[in-house]
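Peer 1: Sequence first, then the predicted structure:
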Amino acid sequence: MSTRSTASTAASSLADIPPEKLKCTTELEDSYVVLFKDNVSPADKKQHITEIANKSAVYKTPKSGGKTYAGVERVFHGGHGYMGIFHKDVVDAIQTDIKVVKKIQKNEESESFLDYTPLTTKNWGLSMISLSPDKFQAQFNPQSRLQTFTDVGYNCIANQGEGVNIFVLDNGFKDDDFKKVANRAALDLGNNGDWSSHGTVVSSYAAGDSFGAAPKANLIFFNDDRTLNGKLYALDEITWRISEGHTGYNKPAVINCSWGMKSTDAGDIVNAELNKLIQVYDVVVVAAAGNYGGILGLTHGGPAGTNNRVIAVGAVDIDGKVWENSEHGSHVDIYAPGVNMPVKMANGSYTKVDGTSIAAPIVTGVVACILSDHEAKIRNLTEANRLHPSEVRDRLQQWARVSQYNDPEGLEKVKILCNYDSAH
């Protein structure tokens, strides 16, 4: 178990957290992330950044109406790198400073994992993960399934995620589904989305009033503009705020990643930032496996499948069968409902969504409930320390129900998320 202190000076709500706009660039062309070597002194880093800023200055106001290049836009709080938009001559200068620079990575878009289709339906997913062992087996019988789900509803763990922070890195957010508990949602006010935007859907399944697996958890949304730079900006902010003890940030936390990087180079950089949060601050990270229908670890740059500290989530249908487009294989830690899942639209109608992007936040919500329940035990002195992320993964797998189906390759048992501990 972790020995991290659980002393709290946080406010009772997220009202004191400023809804700051992330000023990461949305431009991909000529946009880069630069990482320093580990043994570089602060003085050498500062000198390098100053030189690059000076070289970039001439391109901020080019002659004859040419393209402008912003230069250095952001230096990471930890001092391990920076990002910006650079002219090719400046890029050459960065690349040749091999004494200081470990890597320069071109910015890229991330990929999200949702498919939308109009449909009016009920949310069967939260009922499925609430089934006791006997009812879980009964649900494989189509004649008893609907009655079983009607009887069960959603059996949410007692504290419902209260006192836990869920960080969502995504694009587009509307907070209408976070009203029952006041001041529990903080968000980037720029580029807000609508009911059907990816970020809203993901956030609602993690902690929303309608379909949320953790309906009392705090939801902190970072608009990452679906780029590498945006995600690194958000992760740097989260790490800094936790390390500095910002109000509301010293709670147990879980990060939801319903996306994947296209390249392994970009994935490696994201994984390095996530690992700091996992290893130093006990933050649990949950990531969608992806919608390519292949073996996880071979199809995209992660974080799912390329970082064994991240909980990788695949999607199953109502029969407990792996969705045809879900990644699968030994790198998937847990499966969750992710097919024919309803999303409420602004006009009151529903849209069906399929994807591991939905399965992941359901797991994220259950993780928040587990952390909340454990935190209550710490307050009651029946537990001493916070759960380590590896312990959370173990608990999810111990509680899981085994499907009647193997994965598409026929090699791996399919473990389906369950928030019902059969020992209770």
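Peer 2: Cool, the structure landed.
Peer 1: Output the lowest mean pLDDT helix or strand found in the protein.
Peer 2: strand 115-118 (a mean of 52; mean pLDDT, DSSP states H and E).
Peer 1: Can you identify the element that follows that one toward the C-terminus?
Peer 2: Using DSSP states H and E, the helix or strand that directly follows strand 115-118 along the chain is helix 125-128.
Peer 1: can you pull the buried residues of the helix or strand just after that next one?
Peer 2: Per DSSP H and E, the first helix or strand lying C-terminal to helix 125-128 is helix 133-138. By neighbour count with 16 or more other C-beta atoms under 10 Å, helix 133-138 contains the buried residues 135-136. Using the backbone N, CA and C atoms, a C-beta is placed for each residue, glycine as well.
Peer 1: Alpha carbons of helix 133-138, as PDB, please.
Peer 2: Extracted in PDB, the C-alpha atoms of helix 133-138 (Å, rounded to 0.1, in the frame of the first residue of the first chain):
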ATOM      1  CA  PRO A 133     -23.000 -14.000  -9.600                       C
ATOM      2  CA  ASP A 134     -26.300 -15.900 -10.000                       C
ATOM      3  CA  LYS A 135     -28.000 -13.000 -11.800                       C
ATOM      4  CA  PHE A 136     -25.000 -12.500 -14.000                       C
ATOM      5  CA  GLN A 137     -25.300 -16.100 -15.300                       C
ATOM      6  CA  ALA A 138     -29.100 -15.600 -15.700                       C
END
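Peer 1: Can you spell out which helices and strands pack onto it?
Peer 2: Packing partners of helix 133-138 (3 or more C-beta pairs under 8 Å, 6 or more residues apart in numbering; DSSP states H and E): helix 142-152.
Peer 1: can you confirm residue 315 is in a strand?
Peer 2: Yes. Assessed by DSSP: H, G, I helix; E, B strand; the rest coil, residue 315 belongs to a strand.
Peer 1: Identify the residues contacting it.
Peer 2: Taking C-beta atoms under 8 Å, 6 or more residues apart in numbering, we find residue 315 in contact with 289, 322-323, 325-326, 335-339, 354-356, 358-359.
Peer 1: For it, give its distance to residue 205.
Peer 2: 12 Å (C-beta to C-beta, to the nearest Å).
Peer 1: which neighbours do those two share?
Peer 2: What both residue 315 and residue 205 touch, as defined by C-beta under 8 Å, 6+ apart, is the set residue 358.
Peer 1: right, and out of the contacts of residue 315, which lies closest to residue 124?
Peer 2: Closest approach between these and residue 124, by C-beta to C-beta: residue 337, at 6.9 Å.
Peer 1: so the closest one bridges to which residues?
Peer 2: residue 316 (DSSP bridges).
Peer 1: All set, thanks.
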